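S.K.: quick one, structure for this:
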Amino acid sequence: MADEDDKPKKYTLDSLFMVYCNYKLVPTELENEEFDCILLSQIDAWLEQAKLMPMPITRTQTGLIYMRYKKWRLEFEDFLEVLQQLATDNELNYDELKQTLIDAGVPSGATEIVTVK
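M.R.: Sure, this is the predicted structure:
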């Protein structure tokens with residue numbers, strides 16, 4: 001059996017949220033700025049990483065829900081509401097949806113180091 005050091009790190013939804021908030025930023029944005037809110041493209045990237053997009057969740061669904069907020073970036077609480085709406089619309093278990101996102105881990109190719117508290 002593998003010992004504890006060989007196991008992958010356990011992430012939380014909020015720690016991964018911070019990673020995705022700063023993933024795939026447009027080069028014109030200020031360097032060294034850290035974001036604590038998430039863009040639609042970053043949510044879609046996370047759903048793709050979790051293999052939830054394009055089925056059962058579509059970009060059209062995420063876009064329509066995201067636009068209801070009428071702001072450029074969503075805070076963590078708004079993000080949770082988006083997940084709740086996606087779960088309801090697609091008849092998915094909300095807690096299982098969150099766990100699937102956690103299990104997806106950090107974005108592929110990301111160099112961000114996550115500190116798990």
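S.K.: for the spatially most central residue of the chain, what are its contacts?
M.R.: Among the residues of the chain, the one closest to the centroid is Trp46, at 4.3 Å (Cα atoms, centre = their mean). Counting by Cβ atoms under 8 Å, 6 or more residues apart in numbering, Trp46 touches Leu16, Tyr20, Leu101, Ala104, Pro107. To be clear about C-beta, it is placed using only N, CA and C from the backbone, and glycine gets the same treatment.
S.K.: now do Leu97
M.R.: Counting by Cβ under 8 Å, 6+ apart, Leu97 makes contact with Leu52, Leu83, Leu86, Ala87.
S.K.: can I assume the second one sits in a strand?
M.R.: No. With DSSP: H, G, I helix; E, B strand; the rest coil as the criterion, Leu83 is assigned helix and is not in a strand.
S.K.: any idea how far the closest residue to Asp36 other than its chain neighbours lies from Ser41?
M.R.: In this structure, Asp36 finds its nearest non-sequential neighbour in Cys21, 5.9 Å apart by Cβ to Cβ, 6 or more residues apart in numbering. The gap separating Cys21 from Ser41 is 11 Å, by Cβ to Cβ, to the nearest Å.
S.K.: comparing the two, which shows the higher neighbour count?
M.R.: More neighbours surround Cys21 than the other of Cys21 and Ser41, with 22 against 16 (other Cβ atoms under 10 Å).
S.K.: Ser108 reaches Lys51, doesn't it?
M.R.: No. Counting by Cβ atoms under 8 Å, Ser108 does not reach Lys51; the two are 11.7 Å apart.
S.K.: now do the strands in the protein.
M.R.: With strands called from DSSP state E, the chain shows none.
S.K.: where in the protein is pLDDT low?
M.R.: For the chain, residues meeting the criterion pLDDT under 70 lie at 1-9, 25-34, 109-117.
S.K.: fine by me, we can end here.
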